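Undergrad: how would this look folded up:
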Amino acid sequence: MSRARREAWGRLAETLAALSLRLRGYQVVARRFRTPLGEIDLIVRRGRLLAFVEVKARVDREQALEALGPRQRERTERSAQLFLALHPRYADHDLRFDVVAVRPWRLPHHLVDAWRPG
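TA: Purely as a prediction, here's the structure:
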């Protein structure tokens, strides 16, 4: 698959993940939050909970979940810290790191509390 096609599939996966989360009562706070430290695909909120969400588009769910390695988790955690520093109104929220696996012709799979910061 070409790079342009992978990027388009990734954008579609993020849109499907955001829609799925919105249907579950989450409000999308930010999409593609980019920092020099890394990028967070989605930041969502529900009540006093703020979740930093990585979206993985793969052929099957296991590949999607395995695609999030320790280095990417660390970069996501650092980016989350920067987001919180830039948006202090979320400082008192409960924080969580989630993954949404998006597969062709399947509903997105939301893995709640996929990892804890190290």
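
Undergrad: for the strand or helix carrying residue 5, packing partners?
TA: Using DSSP states H and E, the secondary-structure element containing residue 5 is helix 3-23. Secondary structure elements in contact with helix 3-23, counted by 3 or more C-beta pairs under 8 Å, 6 or more residues apart in numbering; DSSP states H and E, are strand 27-35, strand 38-46, strand 49-57, strand 94-102. C-beta: built from backbone N, CA, C; applies to glycine.

Undergrad: Can you tell me what sits against the second one?
TA: Strand 38-46 has contacts (C-beta atoms under 8 Å, 6 or more residues apart in numbering) with 14, 17-18, 21, 24-33, 50-55, 72, 75-76, 78-80, 83, 90, 93, 100.

Undergrad: Could you do stretch 17-32 as well?
TA: Judged by C-beta under 8 Å, 6+ apart, the contacts made with stretch 17-32 from elsewhere in the structure are 14, 39-46, 50-51, 53, 55, 83, 90, 100, 102, 107-108, 110.

Undergrad: Now that we have the residues you listed, which of them are buried?
TA: The neighbour-count criterion (16 or more other C-beta atoms under 10 Å) marks 14, 40-44, 50-51, 53, 55, 83, 90, 100, 102, 108, 110 among those as buried.

Undergrad: of all those, which comes closest to residue 62?
TA: Looking at those and their distance to residue 62, the nearest is residue 102, at 13.5 Å (C-beta to C-beta).

Undergrad: contacting residues for that closest one?
TA: Remark: with contacts taken as C-beta under 8 Å, 6+ apart, residue 102 is in contact with 13, 16-17, 55-58, 64, 108-109.

Undergrad: ok, now with 6 Å
TA: Taking C-beta atoms under 6 Å, 6 or more residues apart in numbering as the criterion, residue 102 is in contact with 13, 16-17, 57, 108.
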